[in-house]
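> A structural model of the following input is requested.
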Amino acid sequence: MNLNIIILRLFIAVVCGAVIGLEREMRDKAAGLRTHILVCLGACLFGMLGLALVAEYRNADMLRLAQGLLIGIGFLGAGVIVREGASIKGLTTAAGIWVMGAIGLAVGVGYYHIALIGTIFGFLTITLFSRVEGVLKK
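Numbers count the residues shown, from 1 in each chain. A predicted model of the protein is given here:
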C-alpha cells in the first residue's frame, strides 16, 4: 500500500468520523467530534494494519482482527451509557461509536463506498429519527 492510499484512507476516516461526531458534539453528548473521529481513524488504522499483516504473514487472520476491534469498540461505547433514575442515557452515542468502528474498518480495507453509504445512513438515522421520535412522543 503506497503512501497516497494510506493518506487518502486516513482522510476519509477523519471525514466520516467528523460527520457523525459533529452532530453528537452539537447536541452536547458525552462522545462528540474528537471521539468519533478517533474511533473511526483507529479502526481504519487497524484495517490497514490487518491488510499489511495478512500480506506479510501467512497465518495472520483479518477476521479475528476485525472481531477484536469491534468488541473493543463495544466496550468503549459502554463507557458512555449512563443510568439516570429509571432511564438510560447514551445508547445512541454508544451505537454511533460502534458504527464508527465499522465505518473506519471499511475505509481501512478499501471499501470506501460501504463506508460513505454507512456514514450517510448513520447521519440520517441520528438526525431524522430524533425528530420522528419527538413527534411520536407528543
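> quick check: pLDDT value at Tyr57.
On pLDDT, Tyr57 comes in at 92.
> how much space between it and Arg9?
According to C-beta to C-beta, to the nearest Å, Tyr57 and Arg9 sit 21 Å apart. Where C-beta positions appear, they are placed from N, C-alpha and C, glycine not excepted.
> those two: which has the busier surroundings?
When Tyr57 and Arg9 are compared on other C-beta atoms under 10 Å, the one with more neighbours turns out to be Arg9, at 23 against 9.
> contacts only, for the more buried one.
Applying C-beta atoms under 8 Å, 6 or more residues apart in numbering to Arg9 gives the contacts Cys44, Met48, Val107, Gly108, Gly110.
> looking at the residues you listed, which is nearest Leu33?
Cys44 (16.5 Å; C-beta to C-beta).
> what about that closest one, distance to Tyr112?
Remark: distance between Cys44 and Tyr112 (C-beta to C-beta) = 11 Å.
> joint contacts of the two?
In contact with both Cys44 and Tyr112: Ile12, using C-beta under 8 Å, 6+ apart.
> these two touch, right, Ala94 and Ile81?
Yes: assessed by C-beta atoms under 8 Å, Ala94 is found in contact with Ile81 at 5.2 Å.
> of those two, who's got more company?
Neighbours were counted for Ala94 and for Ile81 using other C-beta under 10 Å; Ala94 has more, 20 against 15.
> what helix or strand is the more buried one on?
Assigned by DSSP states H and E, Ala94 falls within helix 91-108.
> buried sites along that helix?
Judged by neighbour count (16 or more other C-beta atoms under 10 Å), helix 91-108 contains these buried residues: 92-108.
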